[in-house]
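Undergrad: any chance you can model this:
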Amino acid sequence: MIDPGPHTLEQTRAILTTKGNVRLKDVTPTFFQELNAEGENVGNSLISTFSFDSPWGVWEMHPVGDEFVYLLNGDTEFMLHDGKRS
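TA: Model prediction:
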C-alpha cells in the first residue's frame, strides 16, 4: 500500500488509466518489469520525471506508446524515428 502522500515523481509514478483513474506505484528496481506483468503499459499513460546532469549516452524507444517530454531548464536534441524497421 502506498502512503497517502505527499508524493514526488522521483519516488512514485502516476499511472493514468483508460478509465480516467489514477493509480500510484512506487519506483523499485523492477518497476518496468512489474508494469509489463500487470498489463499497465497497455493503453494507460505513465507520468514520471527524470533529471540529467550530463548527456545521456543511450538510445530509448517506446514500442507500445507515445512519449511527452517537457524541458524545464537547459537544452536538448531529439532524433525521432517512425518505428518502422528498414
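
Undergrad: drop to CA atoms for contacts and neighbour counts, all remaining ones
TA: Noted.

Undergrad: any regions of this structure where pLDDT drops low?
TA: Counting by pLDDT under 70, the chain shows low-confidence ranges at 1-3, 40-41, 62-66, 82-86.

Undergrad: and the strands in it?
TA: Residue ranges of the strands in the chain, as given by DSSP state E, are 12-16, 22-26, 45-47.

Undergrad: just put those strands in a markdown table and tack on mean neighbour count and distance to residue 54.
TA: Listed next are the strands of the chain as a markdown table, based on neighbours: other CA atoms under 10 Å; distance: least, CA to CA, whole Å:
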| stretch | mean neighbour count | distance to residue 54 |
| --- | --- | --- |
| strand 12-16 | 19 | 23 |
| strand 22-26 | 16 | 26 |
| strand 45-47 | 17 | 22 |
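
Undergrad: could those go into a markdown table alongside distance to residue 77?
TA: Rendered in a markdown table, the data for the strands of the chain read as follows (distance: least, CA to CA, whole Å):
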| stretch | distance to residue 77 |
| --- | --- |
| strand 12-16 | 25 |
| strand 22-26 | 30 |
| strand 45-47 | 21 |
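
Undergrad: select, out of the ones you listed, the one closest to residue 57.
TA: Closest approach to residue 57 among the strands of the chain is made by strand 45-47 (22.7 Å; CA to CA).

Undergrad: tell me which of the strands of the chain sits nearest to residue 71.
TA: Nearest of these to residue 71, taken as CA to CA: strand 45-47 at 14.4 Å.

Undergrad: on that earlier part again, between the strands of the chain, which one is nearest to residue 58?
TA: For the strands of the chain, distance to residue 58 was read as CA to CA. The smallest value, 20.6 Å, belongs to strand 45-47.

Undergrad: pull the residues that contact that closest one.
TA: Under the contact criterion CA atoms under 8 Å, 6 or more residues apart in numbering, strand 45-47 has outside partners 9, 13, 14, 15, 16, 17.

Undergrad: which among the residues you listed gets closest to residue 35?
TA: Relative to residue 35, and with distances defined as CA to CA, the nearest of the contacts of strand 45-47 is residue 15, at 9.8 Å.
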